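Here is my input, please return the structure:
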Amino acid sequence: MSMKVIVDLTTCQGYACCMMEAPTVFDLDESAGKAVVIDETPAEDVRSAVEAAARTCPARAITIENG
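Next up, the predicted model:
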C-alpha cells in the first residue's frame with residue numbers, strides 16, 4: 001500500500017515536530033516558518049515515523065492518504 005503525505009500550510013504553525021519524527025520526509029522552510037514535505041510518497045518502511053509525525057503535530061496539519 002502506498003501513502004501520500006500532505007501538510008496543510010494554512011494550519012501548520014512550524015513547530016517542527018514532524019521533522020523530529022520523520023526527518024527524511026519533512027523539513028522546515030525557515031523563511032516561511034512552515035513544514036515542507038520533501039518526500040510526498042515515502043516508502044512503507046517509514047510509515048510508522050510518518051504516522052507518529054501526524055499524531056504529534058500540535059496543529060494537526062498533516063494528512064496521510066493511503067493509495
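
from the chain's centre, how far out does stretch 4-17 sit?
6 Å (CA atoms, centre = their mean, to the nearest Å).

What residues of that stretch count as buried?
Neighbour counts over stretch 4-17 (16 or more other CB atoms under 10 Å) mark 5, 7, 12, 14, 15, 16, 17 as buried. All C-beta spots, glycine's among them, are computed from the backbone N, C-alpha and C.

Please flag which of those sit within helices.
Those of the buried residues of stretch 4-17 mapping onto helices are residue 17, per DSSP state H.

just curious, which of the buried residues of stretch 4-17 is nearest to residue 40?
residue 5 (5.6 Å; CB to CB).

correct me, but that closest one touches residue 36?
No - in this structure, residue 5 is not within contact of residue 36 by CB atoms under 8 Å, at 10.7 Å.

Could you list the low-pLDDT ranges of the chain?
Low-confidence segments of the chain (pLDDT under 70): none present.

for it, what spans make up the helices?
Going by DSSP H, the chain shows helices at 17-21, 47-56.

Return the distance of the last one from the chain's centre.
Chain-centre distance of helix 47-56: 8 Å, with CA atoms, centre = their mean.

Check the spacing between the residue nearest to residue 11 when sequence neighbours are not counted and residue 43 real quick.
In space, and not counting its chain neighbours, residue 11 is closest to residue 61: 4.0 Å by CB to CB, 6 or more residues apart in numbering. Applying CB to CB, to the nearest Å, the value for residue 61 to residue 43 is 22 Å.

The two: which is more packed in?
residue 61 (20 against 11; other CB atoms under 10 Å).

Hmm, residue 7 and that one touching each other?
Yes - Residue 61 is within contact range of residue 7, at 5.5 Å (criterion: CB under 8 Å).

shared neighbours, the two?
The contact sets of residue 61 and residue 7 overlap at residue 35 (CB atoms under 8 Å, 6 or more residues apart in numbering).

show me the contacts for residue 28.
14, 16, 19, 34, 35, 36.

Now it: closest residue in space that isn't a chain neighbour?
Residue 28 sits nearest to residue 16 (CB to CB, 6+ apart), 5.1 Å away.
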